[in-house]
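*Asks:* Model the structure of this input:
(one chain, ligands or ions: 1)
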Amino acid sequence: MTLTHRLATREDLDALRALMEAAIAELQKPFLNEQQVASSRTIMGLDTQLIDDGTYFVVENDGELAGCGGWSRRATLYGGDQTPGRDAALLDPSKDAARVRAMYTHPLHVRKGVGRLILSLCEDAARREGFARVELMATMAGEPLYRACGYEAVARILDDRGGAPVPMARMTKAL
Ligand SMILES: CC(C)(COP(=O)(O)OP(=O)(O)OC[C@H]1O[C@@H](n2cnc3c(N)ncnc32)[C@H](O)[C@@H]1OP(=O)(O)O)[C@@H](O)C(=O)NCCC(=O)NCCS
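*Replies:* Numbering: from 1, shown residues only. Sure thing, here's the model as predicted:
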């Protein structure tokens, strides 16, 4: 098994959407009921701004798309292009935390270190831009990965913008 990585491009969009749908549908099942998984589709997913910013990574396993995820120097904390309330304002590395965004591993490639690899790429890139802290909004499916990588939960919310309330945890880590 060889994991390789590169920046995502707009040519990856269809494959990324399919991967995210598989991850949302399959990997959230142990944590959420059917209504909550449906509701998740409104508040999660692809943010094309990250691709345009050059801050979104793709990981391939022996050449096959295995996962994706990125970071951001912009204010939006989580959500896809379709999620209401987005804010593209630039953050200030001297006082704000960079964001970790839209982490998804294909169900056929979980627990191979794809998520861990993407997180380290994001943290390295944010550190290089002068950020001293990263922050994210974790799904219940994502929280074990972030905990394993040194993130701490600082707040818990229920997001009901998609219908059924979905539990999420705001998490942070010093770089
Ligand atoms: C969260 C997600 C990206 C994790 O991806 P992954 O590539 O399987 O994660 P990794 O293989 O890098 O896991 C690294 C470590 O995190 C922890 N971890 C990851 N998934 C876990 C799980 N389901 N249960 C318990 N621990 C888990 C483990 O400590 C793991 O190390 P180990 O496998 O050596 O025990 C994937 O489960 C996913 O796509 N979930 C659905 C979409 C989602 O909710 N994304 C998060 C948005 S905030």
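
*Asks:* hey, let's count contacts and neighbours off CA atoms from now on
*Replies:* Will do.

*Asks:* who's in contact with the residue nearest the centre of the chain?
*Replies:* Nearest residue to the geometric centre of the chain (Cα atoms, centre = their mean): A102, 2.3 Å. The neighbours of A102, taking Cα atoms under 8 Å, 6 or more residues apart in numbering as the test, are 44-47, 68-70, 78-80.

*Asks:* any idea how far the ligand is from it?
*Replies:* 6 Å (Cα to the nearest ligand atom, to the nearest Å).

*Asks:* And that residue, how far from D62?
*Replies:* A102 sits 22 Å away from D62, going by Cα to Cα, to the nearest Å.

*Asks:* and the residue nearest to the centre of the chain, that one's in a strand?
*Replies:* Yes. Looking at A102 with DSSP: H, G, I helix; E, B strand; the rest coil, it is inside a strand.

*Asks:* So for it, what's the pLDDT?
*Replies:* Note for A102: predicted pLDDT of 96.

*Asks:* Against which helices or strands is the worst-scoring helix or strand of the chain on mean pLDDT packed?
*Replies:* Within the chain, no helix or strand scores below helix 34-43, which has a mean of 94 by mean pLDDT, DSSP states H and E. Contact here means 3 or more Cα pairs under 8 Å, 6 or more residues apart in numbering; DSSP states H and E; on that basis helix 34-43 packs against helix 13-27, strand 166-174.

*Asks:* buried set for the shortest one?
*Replies:* Spelled out, that is strand 166-174. For strand 166-174, the neighbour count (16 or more other Cα atoms under 10 Å) marks 166-173 as buried.

*Asks:* what's the spacing between it and its chain's center?
*Replies:* Here strand 166-174 is found 11 Å from its chain centre; the criterion is Cα atoms, centre = their mean, to the nearest Å.

*Asks:* Tell me which stretches of this structure form strands.
*Replies:* Using DSSP state E, the strands found in the chain span residues 3-7, 56-61, 64-72, 98-105, 133-139, 152-159, 166-174.

*Asks:* out of the ones you listed, deepest packed?
*Replies:* Ranked by mean neighbour count, these are led by strand 98-105 with a mean of 26 (mean count of other Cα atoms under 10 Å).

*Asks:* Taking their axis directions, that strand and strand 166-174 sit at what angle?
*Replies:* 120 degrees (axes from the mean of the first three to the mean of the last three Cα atoms, to 10 degrees).

*Asks:* Tell me the strands beside strand 98-105, with direction?
*Replies:* strand 64-72 (antiparallel), strand 133-139 (parallel) (DSSP bridges).

*Asks:* quick one, which of those is nearest to G113?
*Replies:* G113 lies closest, by Cα to Cα, to one member of those: strand 64-72, at 10.0 Å.

*Asks:* distance between that closest one and the chain's centre?
*Replies:* Here strand 64-72 is found 8 Å from its chain centre; the criterion is Cα atoms, centre = their mean.
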